[in-house]
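Asker: What would the 3D arrangement of this be:
(one chain, ligands or ions: 1)
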Amino acid sequence: MDTPRLVSLDREHLIHPVSSWQGHETNGATILESGKGVWLTDSNGHRLLDGFSGLWCVNTGYGCESVVEAGRRQLEKLPYATGYFGFSNEPAIELAARLTKQAPGHLNHIYFALGGSDAVDSTLRFIRYYQHARGTPEKRHVIGLQKGYHGSSFVGAGLTALPVFHRDADVPLPWQHHIPSPDPYRHPAGPNAEAIIQASVRALHDEIAKIGGPEHVAAFYCELVQGSGGVIVPPAGWASAMQAACRELNILFIVDEVITGFGRTGPLFACEHENIEPDMMTVAKGLTAGYAPMGGVFMSNEIYETIRDKTPAGVAVGHGQTYSAHPVSAAIGLAVLDLYEGGLLENGTRVGKHLATRLAGLGNHPLVGTTRSIGMLAGIELVIDKSAKTKPDPKLGISGKLSRYGYEHGILFRAFGDDVIGLAPPLCSTIAEMDQLCDGLVTVLDRVIADPAVALALKA
Ligand SMILES: Cc1ncc(COP(=O)(O)O)c(C=O)c1O
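Answerer: This is a model prediction of the structure:
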């Protein structure tokens, strides 16, 4: 690989997702070349332990022969099949059947999208069809959580509640609302689980009242662990309480499992922790472990049957994409599901327990305010003053330092802009690899506090 040529062409022509365009031109990109297991190698031959599974997606690790072979075979046999005009394909049918069998509650139907953003976007359209079908079109408002992330389609970016997705984008739209995040570390109600749960339920009721009552509200959306908001793990019992509130208020309860699905928190779906039965559920990422693009919307019998029965015979439900239920992605999804069912979920659960123990130890570091984890998903929140929970001054540039030092020490993790470290290692990781990741993190954090400006801020 001619790295300088590629970096230069990348700078000149390739627009990167959610990036500073000026920063990209100044810094250039790191070009990833190959991967095996939890290890990545870049074009300079530098090896990196991928503690973030790419972008919380390569749950199986890299280079799984069975997945590569499934994709290759499908490419040879039938690389594309439309789902329009009454056509279908074998892998997509098998995948739909296997997934809906394991999905929670009455989620007996699935629409395959291309990734998480268009899966979320699809739910917003399906909600409109559903409300029109049941004769309640005025139920159009939706409510999400502050710090929630639901992708970056135009409409989904408004459901997302992170400032970078709203800036200059004319969202949220007037029918999109947010209630406070159930963040145990920073909730105004304090860390008590019951107090946070009650506050969230009350906030949902209050927001609905502000909008004009449940007859104007279609749905509440949430992630069961808020990923991009900083890996915020709500207290146990929160999801069940929100589901119960939605049922009482007669609004749909929609769960976004784009990150939490496919073993990331232990079981196949995070809904299983509290036997949650959402009305719709979005997935992507671990569905194909990132080996090919694919997302999905699980839909309840009630929503599916209402739209089916109230759409006049012969009239199409006008939502679709050329690559919906793509046969190569579906074949890959089936091979990945075999791995989850063949011991990968158990391994993730076992190694996740070790990761949690190691993270608890990290809590003593001068820069660490709190750590939180569930399965192979974790967050480390950095503060400059532990008792006041003061976030570091952005001028200290801590997230940039973390990424740079992490790279130099051969570990990859997510350094969120607001000084939270995100971890989402592949489920195939070994205990030794998690030790290597955590030891590396300690070294990186020590280097950050050795910086004179950071040291001074810590002392102040
Ligand atoms: C919870 C959640 N929903 C939706 C998305 C969007 O998925 P994609 O990036 O595949 O469009 C993401 C991506 O990180 C996500 O974390």
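
Asker: Write out the residues of the stretch 151-300 of the chain neighbouring the ligand.
Answerer: Gly151, Glu223, Gly227, Ser228, Asp256, Val258, Ile259, Ala284 (C-beta under 6 Å from any ligand atom). In this view, the C-beta of every residue, glycine as well, is placed from N, C-alpha and C.

Asker: Assumed Phe298 was part of a strand.
Answerer: Yes. Read with DSSP: H, G, I helix; E, B strand; the rest coil, Phe298 is one of the residues of a strand.

Asker: Number of residues surrounding it?
Answerer: 29 (other C-beta atoms under 10 Å).

Asker: State the helix or strand in which the residue nearest to Cys438 when sequence neighbours are not counted lies.
Answerer: Closest residue to Cys438 apart from its sequence neighbours, by C-beta to C-beta, 6 or more residues apart in numbering: Arg358 at 4.1 Å. Taking DSSP states H and E as the definition, one finds Arg358 inside helix 345-362.

Asker: after that helix, next one along is what?
Answerer: Next in line after helix 345-362, if elements are assigned by DSSP H and E, sits strand 368-374.

Asker: how far off helix 345-362 does that next one point, in degrees?
Answerer: Put simply, strand 368-374 runs at 170 degrees to helix 345-362, going by axes from the mean of the first three to the mean of the last three C-alpha atoms, to 10 degrees.

Asker: rewinding a little: would you convert the residues of the stretch 151-300 of the chain next to the ligand into a markdown table that also reports neighbour count, distance to Glu33 and secondary structure?
Answerer: Conversion of those to a markdown table gives the following (neighbours: other C-beta atoms under 10 Å; distance: C-beta to C-beta, whole Å; DSSP: H, G, I helix; E, B strand; the rest coil):
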| residue | neighbour count | distance to Glu33 | secondary structure |
| --- | --- | --- | --- |
| Gly151 | 23 | 28 | coil |
| Glu223 | 25 | 32 | coil |
| Gly227 | 24 | 27 | coil |
| Ser228 | 25 | 27 | coil |
| Asp256 | 31 | 32 | strand |
| Val258 | 30 | 27 | coil |
| Ile259 | 29 | 26 | coil |
| Ala284 | 29 | 25 | coil |
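
Asker: Could you dump those residues into JSON lines with distance to Gln243 added?
Answerer: As requested, those are exported to JSON lines (distance: C-beta to C-beta, whole Å):
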{"residue": "Gly151", "distance to Gln243": "22"}
{"residue": "Glu223", "distance to Gln243": "14"}
{"residue": "Gly227", "distance to Gln243": "20"}
{"residue": "Ser228", "distance to Gln243": "22"}
{"residue": "Asp256", "distance to Gln243": "14"}
{"residue": "Val258", "distance to Gln243": "19"}
{"residue": "Ile259", "distance to Gln243": "19"}
{"residue": "Ala284", "distance to Gln243": "22"}
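
Asker: could you dump these to TSV with pLDDT?
Answerer: Putting these into TSV (pLDDT from 0 to 100) gives the following:
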residue	pLDDT
Gly151	98
Glu223	99
Gly227	98
Ser228	98
Asp256	99
Val258	99
Ile259	98
Ala284	99
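
Asker: Can you give me the separation between the closest residue to the ligand within the stretch 101-250 of the chain and Arg358?
Answerer: The ligand sits closest to Gly116 of the stretch 101-250 of the chain, with a gap of 2.1 Å, by C-beta to the nearest ligand atom. Plainly put, Gly116 is 29 Å away from Arg358 if you go by C-beta to C-beta, to the nearest Å.

Asker: if you count what's nearby, which of those two comes out ahead?
Answerer: Each of Gly116 and Arg358 has its neighbours counted (other C-beta under 10 Å); Gly116 has more, 29 against 19.

Asker: My guess is that one contacts Leu287. True?
Answerer: No. In this structure, Gly116 is not within contact of Leu287 by C-beta atoms under 8 Å, at 9.4 Å.
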